[in-house]
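Undergrad: okay, here's the prediction I keep looking at, along with the sequence it came from:
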Amino acid sequence: MNKKSLFKYISLSIFINSSVSIADNNNQTNHIIPDQNKPQTLTIDNKNIDTVNINPADKGGLSHNYYIKFNIDGKGLILNNKKQDNIPAAKMIISEVTSKYPSYINGIIEIAGENAHHLIVNPNGINCNGCGFTNKTTLVTGKLIKINQEDTKVVSYNRKAIIINNLRNERTKGDLNIVSNNIKFSGRNINNKNINIYSLGSDNFNENNKDNKNIQDPELTIQRRPTHVKIKKLASITSGGLFIRSDHRYNIKNYGLIDVNELNITSKGHYYGAPKSKLRISSENTKQSSILNLRQARFYHSEIEINNSALMISANNLFNNDDIEKHNQLRLTHSRLYIGGGFDY
């Protein structure tokens with residue numbers, strides 16, 4: 001195997017606990033505390049906006065940074081990824097929490113210098129309130145255990161959630177990846193690129209970093225347990241694309257608004273459109289299709305609007321109790337269709 005590869009493989013084991021609550025806000029004090037027990041040289045400048053001078057990247061382009069606390073206030077955070085002397089900038093930056101504290105991200109995280117993929121890793125949960133990311137970012141409720149340069153092991157205790165509230169990604173340069181078995185959206189969430197959601201254990205979360213083919217995102221394998229993504233009442237997701245992938249039962253519960261250009265959900269679980277919720281797919285590309293590939297899809301007085309696009313629903317059962325408005329094409333495969341409202345043509 002190429003020695004420049006960051007990861008030979010990543011294995012994942014999980015222990016389920018019914019609690020998905022995030023610890024109280026008292027843990028937000030002392031925004032960023034490095035883990036002094038780790039061999040690292042990162043420094044923090046707390047003048048105006050917190051600035052972290054990250055650990056130097058290894059030969060594979062990885063900068064791994066360890067924290068006791070990783071909390072961002074409304075002023076935001078800058079990660080300094082500028083080239084220094086003969087040390088190249090990082091292609092991937094990992095910010096890993098090694099303590100029991102969850103992370104609160106209440107501002108914009110910016111990477112200064114060279115572009116990089118930023119992984120925020122915290123098995124205790126991540127609470128994102130008014131957050132934003134200028135670069136491609138991955139949020140993971142897990143714990144990385146570095147074995148050597150090529151082999152890394154991930155142990156995840158799925159007790160905590162990733163909570164996204166008022167995402168501010170209007171100017172992001174990259175996608176937002178969310179890797180967790182419990183994800184909740186509240187407030188108004190905007191992402192001008194794609195939002196990619198993976199359950200822990202998704203074999204599909206192993207894409208290559210486009211900037212360096214030798215850098216791979218973590219590959220995750222896990223026990224199969226029911227999990228969910230929830231869009232809460234009055235919440236909204238507006239993004240270029242929303243892609244949800246799970247190799248096991250992953251339920252999607254929509255109590256708010258999903259407004260995207262492209263939608264692709266593949267799971268062995270259910271999609272539930274609650275009363276007064278809405279699913280809107282609008283695209284300028286008439287050849288672009290969206291896919292719902294699930295065990296069951298239920299729409300109870302929930303509006304579905306398809307503008308200049310095509311939606312293919314593949315499910316054992318499809319229940320609909322309200323109107324489906326269609327400006328292009330609706331295709332059903334391997335489905336039973338129960339219509340309580342009607343189709344608006």
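TA: The structure has been received and is ready for your questions.

Undergrad: what's the domain layout of the protein?
TA: 1-223, 250-345 (automatic domain parsing).

Undergrad: just give me the neighbour total for the closest residue to G61 other than its chain neighbours.
TA: Distance criterion CB to CB, 6 or more residues apart in numbering; nearest residue to G61, sequence neighbours excluded, is K91 at 3.4 Å. Just so you know, the C-beta spots here come from the backbone N, C-alpha and C atoms, and that holds for glycine as well. K91: 21 surrounding residues under other CB atoms under 10 Å.

Undergrad: now do D50
TA: Neighbour count for D50, taken as other CB under 10 Å: 20.

Undergrad: show the contacting residues for it.
TA: Shown in contact with D50 (CB atoms under 8 Å, 6 or more residues apart in numbering): 31-32, 44, 72-73, 75-78.

Undergrad: shouldn't the residue nearest to G61 be in contact with D58?
TA: No. Taking contacts as CB atoms under 8 Å, K91 lies outside contact range of D58: 10.3 Å.

Undergrad: low-confidence stretches in the protein?
TA: The chain contains residues with pLDDT under 70 at 1-30, 143-159, 200-226, 247, 285-287, 321-345.

Undergrad: kindly recompute the last result at 80.
TA: Scanning the chain for pLDDT under 80 picks out 1-30, 47, 142-159, 171, 199-227, 246-249, 284-289, 308-309, 317-345.

Undergrad: who does the most centrally placed residue in it form a beta bridge with?
TA: Nearest to the geometric centre of the chain sits I178, at 1.4 Å (CA atoms, centre = their mean). Applying DSSP bridges to I178 gives these bridge partners: L139, I197.

Undergrad: before we move on, what about the one 4 residues further on?
TA: N182 forms beta bridges with H228, as assigned by DSSP bridges.

Undergrad: now L318
TA: A297, L337.

Undergrad: pretty sure it sits against R295.
TA: No. In this structure L318 lies outside contact range of R295 using CB under 8 Å: 10.8 Å.

Undergrad: more neighbours: those two, which one.
TA: Legend: neighbour count by other CB under 10 Å for L318 and R295, higher for L318 (21 against 15).

Undergrad: and the gap between the more buried one and Q36?
TA: 55 Å (CB to CB, to the nearest Å).

Undergrad: distance of Y101 from N53?
TA: Y101 sits 22 Å away from N53, going by CB to CB.

Undergrad: using the three-state scheme, assign S95.
TA: Three-state assignment for S95 (DSSP: H, G, I helix; E, B strand; the rest coil): strand.

Undergrad: check contacts around it.
TA: 65, 67, 70, 79, 118-121.

Undergrad: pick the one among those closest to T172.
TA: Set against T172, the nearest of those by CB to CB is H118 (11.1 Å).

Undergrad: tell me what the particular helix or strand that has the closest one in it is packed against?
TA: Element membership of H118, judged by DSSP states H and E, is strand 117-121. Here strand 117-121 touches strand 92-97, strand 137-140, going by 3 or more CB pairs under 8 Å, 6 or more residues apart in numbering; DSSP states H and E.

Undergrad: save those strands as CSV, and put in distance to S267 too.
TA: Shown next, in CSV, are those (distance: least, CB to CB, whole Å):
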stretch, distance to S267
strand 92-97, 27
strand 137-140, 19
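
Undergrad: I109: which of these is closest?
TA: The minimum distance between I109 and the helices and strands packed on strand 117-121 falls on strand 137-140, with 7.2 Å, by CB to CB.
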